[in-house]
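A.B. asks: Sharing a model that was predicted from the sequence below.
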Amino acid sequence: MMWTPQASEIAREAGARLREFFVQGVATEYKGDVDLVTVADRTVEKLIRTRLSESFPEHGIYGEEGTRERMEQEFRWYVDPLDGTTNFAHGLPQFCVSMGLEQRDAALKPDQDGTIQAAVIYDPMRDELYTAERGRGATLNGKRLQVSKTATLAEALVATGFPSRKRHQNPNIHFYHEFTLRSHGVRRAGSAALDLAYVAAGRLEAFWEFNLNPWDTAAGVLLVTEAGGRVSDFAGGPFRLDSHEVLATNGLIHAEMVGMFVDMFAGRGLAPIPSPEEFAAMRELKAKGLE
Ligand code: IPD
Ligand code: CA
Ligand code: CA
């Protein structure tokens with residue numbers, strides 16, 4: 001392995017720092033109307049930036065909290081120092097550090113993707129370290145990962161997320177509704193990087209989200225593909241770091257989920273909004289214990 005041993009040490013150190021902040025409690029600030037940020041996000045990004053620069057002085061760094069270093073270099077780390085800030089700020093222990101390494105050919109245009117070569121995601125509250133290198137598989141605490149073997153959406157447990165910015169413009173609530181009706185359930189745990197790691201670990205069959213950023217997805221998508229899963233946009237086309245659509249599955253339910261996206265975008269969903277009368281009838285049944 002070339003990069004993950006050093007990157008894992010950095011992620012563990014960063015995670016330990018997040019754990020300290022979490023236990024002691026931190027003040028919350030707003031980046032926009034509901035987008036939260038804390039001193040932990042900024043301090044840990046700085047720590048990762050320093051450590052990555054020591055370990056890989058030739059590599060670029062692109063971090064959520066503003067780091068842009070050596071962006072002309074062939075290798076670039078996408079860093080989310082704290083994925084799951086809203087959980088963290090509320091004292092809910094579901095968050096992680098995410099670091100994904102992209103290799104970019106000099107001929108690439110800025111809007112073209114390179115190849116994701118390495119991934120490290122660390123959950124400090126469970127002490128779970130996920131790693132992957134292209135072509136060498138994915139691991140959780142050193143144990144080889146394999147996606148689940150569940151073959152139908154009806155038997156699948158899936159996950160999604162919602163952005164904190166511009167929520168009213170995000171269509172995902174309709175997909176949340178639809179997939180809830182057609183699966184064992186849709187979880188919304190608040191850390192996209194961990195959701196992707198869980199698909200790789202076979203804990204979830206699939207994850208999708210609109211409008212994520214490269215620091216959310218770079219590491220997780222490599223974990224999924226190296227664990228035998230599949231990642232695409234919602235039409236089944238190639239996933240791109242800036243495409244704003246990610247669908248990651250165990251591979252077996254991929255076509256079925258893409259079919260659902262196609263149907264939904266064409267207005268063929270199952271789930272119309274009930275009328276006021278239908279809502280009233282549902283509430284009545286619930287009150288009588290008959291639902
Ligand atoms: C967020 C989390 C969340 C997802 C949001 C992301 P942050 O990242 O990954 O699960 O639904 O879209 O922005 O802001 O906590 O790093
Ligand atoms: Ca994030
Ligand atoms: Ca973050």
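C.D. replies: Good, I have the coordinates. Ligands and ions are numbered 1, 2, ... in the order given.

A.B. asks: use CA for all of it now, contacts and neighbours both
C.D. replies: Noted.

A.B. asks: Check the secondary structure at Leu222 for me.
C.D. replies: Per DSSP: H, G, I helix; E, B strand; the rest coil, the secondary structure class of Leu222 is helix.

A.B. asks: Determine the number of other residues adjacent to it.
C.D. replies: 32 (other CA atoms under 10 Å).

A.B. asks: From the centroid of this protein, which residue is nearest?
C.D. replies: Ranked by distance to the mean C-alpha position of the chain (CA atoms, centre = their mean), the top residue is Ala192 at 2.4 Å.

A.B. asks: which ones are touching the closest residue to it other than its chain neighbours?
C.D. replies: Using CA to CA, 6 or more residues apart in numbering and skipping residues adjacent in sequence, the residue nearest Ala192 is Asp216, 6.3 Å away. Each residue near Asp216 by CA atoms under 8 Å, 6 or more residues apart in numbering is listed here: 79-80, 83, 98, 192-193.

A.B. asks: Any quick PyMOL command for the buried ones out of those?
C.D. replies: Typed into PyMOL, the next command selects the buried ones out of those (criterion: 16 or more other CA atoms under 10 Å):
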select buried, resi 79+80+83+98+192+193
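
A.B. asks: Max pairwise distance over the contacts of Asp216: which two?
C.D. replies: Set against one another by CA to CA, these have their most distant pair in Val79 and Ala192, with a gap of 13.2 Å.

A.B. asks: the domain parsing of this protein - what is it?
C.D. replies: The record assigns the chain these domain ranges, following automatic domain parsing: 4-140, 153-266.

A.B. asks: Highest mean neighbour count out of those domains?
C.D. replies: Each of those was scored by mean neighbour count; the highest is domain 153-266, a mean of 21, by mean count of other CA atoms under 10 Å.

A.B. asks: Tell me how far that domain lies from the chain's centre.
C.D. replies: Taking CA atoms, centre = their mean, to the nearest Å, the mean C-alpha location of domain 153-266 is offset from the chain mean by 9 Å.

A.B. asks: circling back to that earlier point, output whichever strand or helix holds the residue nearest to Ala192 as PDB, nothing but the C-alphas.
C.D. replies: Using DSSP states H and E, the secondary-structure element containing Asp216 is helix 214-226. Backbone C-alpha positions of helix 214-226 (Å, rounded to 0.1, in the frame of the first residue of the first chain) are rendered in PDB as follows:
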ATOM      1  CA  PRO A 214     -16.100  16.200  -3.800                       C
ATOM      2  CA  TRP A 215     -14.900  16.200  -0.100                       C
ATOM      3  CA  ASP A 216     -18.100  14.300   0.800                       C
ATOM      4  CA  THR A 217     -17.800  11.600  -1.800                       C
ATOM      5  CA  ALA A 218     -14.200  11.100  -3.000                       C
ATOM      6  CA  ALA A 219     -13.200   8.600  -0.300                       C
ATOM      7  CA  GLY A 220     -16.600   6.800   0.000                       C
ATOM      8  CA  VAL A 221     -17.100   6.100  -3.700                       C
ATOM      9  CA  LEU A 222     -13.700   4.300  -3.900                       C
ATOM     10  CA  LEU A 223     -14.600   2.300  -0.800                       C
ATOM     11  CA  VAL A 224     -17.800   1.100  -2.500                       C
ATOM     12  CA  THR A 225     -16.200   0.100  -5.800                       C
ATOM     13  CA  GLU A 226     -13.300  -1.600  -4.100                       C
END
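
A.B. asks: What residues does the residue nearest to the centre of the chain make contact with?
C.D. replies: Neighbouring residues of Ala192 by CA under 8 Å, 6+ apart: 83-84, 160-161, 216-217.

A.B. asks: how much space between it and Gly135?
C.D. replies: If you measure Ala192 against Gly135 using CA to CA, to the nearest Å, the figure is 23 Å.

A.B. asks: and the stretch 101-250 of the chain, which residues reach ligand 1?
C.D. replies: 161-163, 190-192, 212 (CA under 6 Å from any ligand atom).

A.B. asks: hmm, back to that, format the contacts of Ala192 as CSV; extra columns: pLDDT.
C.D. replies: As requested, the contacts of Ala192 are arranged in CSV below (pLDDT from 0 to 100):
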residue, pLDDT
Asp83, 98
Gly84, 96
Thr160, 98
Gly161, 97
Asp216, 97
Thr217, 98
